[in-house]
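quick one, what's the 3D model for this:
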Amino acid sequence: MEKDLIKLSIEDGIAHVCLNRPSKINALSYDMFVAIDKVIKKLRGDKGVNAVILSGAEGNFCSGLDVKSVANSPSKAMKLLFKWLPGNANLAQRVSIGWQRLPIPVIAVLEGCCYGGGTQIALGADIRIASPDCKLSIMEAKWGLVPDMAGLVALRQVMPKDKALLLTYTADILTAGQALELGLISQVCETPYETAVTLARKIMLTSPDANAAIKRCINQSWTGSIRCLLARESLSQIRLLAGKNRVIAAIRQTKNPDKAYQSRQSWW
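Got it, this is the predicted structure:
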């Protein structure tokens, strides 16, 4: 197994996660899928992490699936796709939807290549900040495949169906400007990583419990019924009102703006 496929460091409550296979333009081998999945599980259990910045090493985010490495091992391909129930997420899907399911804001920094599986992973983030040279593509159709890494969960939330079909049918490569116009990314700037750090620090000025509740309510209710949305909002608000971070938020607004929040509550 290759070493250090994912670099993880945690500084001042921000987890910096870097896809680290630069010799292959950070292409996804089976071991890399496993490593990403492990990092997501680790971050879920760390109540002191209040934001995540996801990036790729040496000027590229991810060039997609390393088809050769996976095709050479049918057993690993099966492990990627295996699931106990059809509605569950398999390993290939967890590396995308796993970021959405974290109770923490996740910001993806996209540079250079962001193709196929790389775009699917990026779609799992809450916010995507790209450099002007970034190129993105939903490329699976080029290989006779359907996008099957759960990126469509987010894609249906960020753009109209006809645009999503057009991108997926054609496997066109988009510039950062085109991706921004379509809603595939959130922002284009010359210094995406520094911008992501600034944004993460700004988000962390608010309660980690409130951020977790906001993310859950928006993600789970975006395409759900109004009744489910109303119920989820009410339950989240009751939990927030009963928590200490809500009191701390009020103190920060009225008396002491530097009072520290407590770690995120376990129910998120």
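
point to the residue nearest the middle of this protein.
Nearest to the geometric centre of the chain sits residue 125, at 2.3 Å (CA atoms, centre = their mean).

pretty sure it sits in a strand.
No - Residue 125: not assigned to a strand; according to DSSP: H, G, I helix; E, B strand; the rest coil it is coil.

can you give me the pLDDT of it?
For residue 125, the model assigns a pLDDT of 98.

separation between it and residue 66?
According to CB to CB, to the nearest Å, residue 125 stands 21 Å off from residue 66. All C-beta atoms are positioned from the backbone trio N, CA, C, and that covers glycine.

following the helix ranked longest in the chain, which helix or strand comes up?
Longest helix in the chain by number of residues, with DSSP state H as the criterion: helix 226-242. Next along the chain after helix 226-242, taking DSSP states H and E as the criterion, comes helix 244-254.

put the alpha carbons of that following helix into PDB.
Coordinates of the C-alpha atoms in helix 244-254 are reproduced here as PDB (Å, rounded to 0.1, in the frame of the first residue of the first chain):
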ATOM      1  CA  LYS A 244     -24.200  25.800  26.000                       C
ATOM      2  CA  ASN A 245     -22.900  27.100  22.600                       C
ATOM      3  CA  ARG A 246     -26.100  29.000  22.000                       C
ATOM      4  CA  VAL A 247     -25.500  30.800  25.300                       C
ATOM      5  CA  ILE A 248     -21.900  31.400  24.300                       C
ATOM      6  CA  ALA A 249     -23.000  32.800  21.000                       C
ATOM      7  CA  ALA A 250     -25.200  35.300  22.700                       C
ATOM      8  CA  ILE A 251     -22.300  36.300  25.000                       C
ATOM      9  CA  ARG A 252     -20.100  36.800  22.000                       C
ATOM     10  CA  GLN A 253     -22.600  39.100  20.500                       C
ATOM     11  CA  THR A 254     -23.300  41.200  23.600                       C
END
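
next, the buried residues of that helix.
245, 248, 249, 252 (16 or more other CB atoms under 10 Å).

same check on stretch 251-267?
Applying a neighbour-count criterion of 16+ other CB under 10 Å, one finds 252, 261, 264, 265 buried in stretch 251-267.

quick one, domains of this structure?
6-203, 208-254 (automatic domain parsing).

looking at the shortest one now, give me its mean pLDDT.
If I follow you right, that is domain 208-254. So the average pLDDT for domain 208-254 ends up being 93.

likewise stretch 161-174?
The pLDDT scores in stretch 161-174 average 96.

buried set for it?
Per 16+ other CB under 10 Å, stretch 161-174 contains these buried residues: 164, 167, 168, 171, 174.

strands - which of those land there?
Per DSSP state E, strands hold the following members of these: residue 174.

tell me where this structure has helices.
All helices of the chain, identified by DSSP H, fall at 30-44, 67-71, 74-81, 91-101, 117-123, 151-158, 161-170, 176-182, 192-203, 208-221, 226-242, 244-254.

list the buried ones in the fourth one?
Within helix 91-101, the residues scored as buried using 16+ other CB under 10 Å are 91, 92, 93, 94, 95, 96, 97, 98, 99, 100.

could you dump the residues you listed into JSON lines and include pLDDT?
Below are the buried residues of helix 91-101 laid out as JSON lines (pLDDT from 0 to 100):
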{"residue": "91", "pLDDT": "96"}
{"residue": "92", "pLDDT": "95"}
{"residue": "93", "pLDDT": "96"}
{"residue": "94", "pLDDT": "97"}
{"residue": "95", "pLDDT": "97"}
{"residue": "96", "pLDDT": "97"}
{"residue": "97", "pLDDT": "96"}
{"residue": "98", "pLDDT": "97"}
{"residue": "99", "pLDDT": "97"}
{"residue": "100", "pLDDT": "95"}
